[in-house]
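**Student:** the amino acid sequence is not available; the structure is as follows:
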C-alpha cells in the first residue's frame with residue numbers, strides 16, 4: 001500500500017523530498033518503505049523495533065505464521081514472539097529492565113534472543129540511503145525499544161553507513177507518549 005502512495009507523491013504531486021515517519025509498529029513500515037521503495041530522504045522511527053514480528057489475526061489472539069509485512073506477496077523475514085507464556089497487559093519484573101514491564105515486553109525481548117531469526121529479520125536500513133532519526137523512551141514498558149535503537153546504531157556503524165543517524169533517548173519516557181515532530 002505504500003508503493004502507490006510514494007509513486008503518487010513523486011509522479012502526480014511532483015514532491016521531490018519525501019520522508020517516512022512511523023511510531024511503534026509503524027516504525028517497521030516507515031523503514032521498509034524506504035528500504036524497498038527507495039528515494040526516501042529521511043526515516044523517522046519513534047519507539048521503534050529493529051525487526052518485523054510475526055503477525056496476529058484481527059482479534060490479536062492468534063499468531064498467523066506470517067510476517068506483519070510483505071513485499072510483493074512474500075513475507076518479510078520476522079521474529080516470533082511467544083505471547084502464550086505471559087499475560088500481555090500484566091506488569092512483571094524482568095532482569096533486563098530497571099522498571100516493571102508488560103508481558104508483551106517480555107515476549108518481544110525473548111524473541112530477540114533467537115539471534116539467528118533476529119539477524120535474518122534485521123531491518124536493512126543501510127539500503128535506504130536515508131538520514132535516520134530514532135526517538136525512544138528509556139522506560140518503554142511495551143517492548144524493548146531502547147534495545148532496538150542501540151541495535152540499529154551498532155548495526156549501521158558496523159556497516160559504515162555514511163548518512164546521518166541520530167538517536168534521541170529520553171530515559172523517563174514510556175511507549176506511545178504522543179511525540180509528534
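**Tutor:** The structure has been received and is ready for your questions. Here the structure is a predicted model, which is why all the values come from computation and not from measurement. Residues are numbered from 1 along each chain as shown.

**Student:** CA atoms for contacts and neighbours, from now on please.
**Tutor:** Noted.

**Student:** where do the helices of this structure begin and end?
**Tutor:** Along the chain, counting by DSSP state H, helices occupy 2-7, 26-36, 103-112, 115-121, 145-158.

**Student:** right, and those - which one's nearest residue 50?
**Tutor:** Comparison of the helices of the chain against residue 50 by Cα to Cα identifies helix 145-158 as nearest, at 5.2 Å.

**Student:** next one: the closest one to chain centre, how far?
**Tutor:** Put simply, helix 145-158 sits 11 Å off its chain's centre (Cα atoms, centre = their mean, to the nearest Å).

**Student:** what angle separates that helix from helix 103-112?
**Tutor:** Interaxial angle of helix 145-158 relative to helix 103-112 (axes from the mean of the first three to the mean of the last three Cα atoms, to 10 degrees): 30 degrees.

**Student:** now helix 145-158: buried residues?
**Tutor:** Within helix 145-158, the residues scored as buried using 16 or more other Cα atoms under 10 Å are 145-149, 152-153, 155-156.

**Student:** how much space separates residue 158 from residue 38?
**Tutor:** Going from residue 158 to residue 38 by Cα to Cα, to the nearest Å gives 21 Å.

**Student:** what about the strands in the protein?
**Tutor:** Listed in chain order, the strands of the chain (DSSP state E) span 19-23, 42-46, 54-56, 63-67, 70-71, 74-75, 91-92, 101-102, 131-137, 165-170.

**Student:** so which other helices or strands are in contact with the fourth one?
**Tutor:** Taking 3 or more Cα pairs under 8 Å, 6 or more residues apart in numbering; DSSP states H and E as contact, the helices and strands that strand 63-67 lies on are strand 54-56.

**Student:** what's the mean pLDDT across the strand it packs on?
**Tutor:** For strand 54-56, mean pLDDT is 86.

**Student:** residues contacting residue 146?
**Tutor:** Contact analysis of residue 146 by Cα atoms under 8 Å, 6 or more residues apart in numbering lists 47, 136-138, 140, 169.

**Student:** hmm, back to that, using a markdown table, lay out the strands of the chain together with distance to residue 1.
**Tutor:** Output for the strands of the chain, formatted as a markdown table (distance: least, Cα to Cα, whole Å):
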| stretch | distance to residue 1 |
| --- | --- |
| strand 19-23 | 14 |
| strand 42-46 | 17 |
| strand 54-56 | 17 |
| strand 63-67 | 16 |
| strand 70-71 | 10 |
| strand 74-75 | 14 |
| strand 91-92 | 35 |
| strand 101-102 | 31 |
| strand 131-137 | 22 |
| strand 165-170 | 27 |
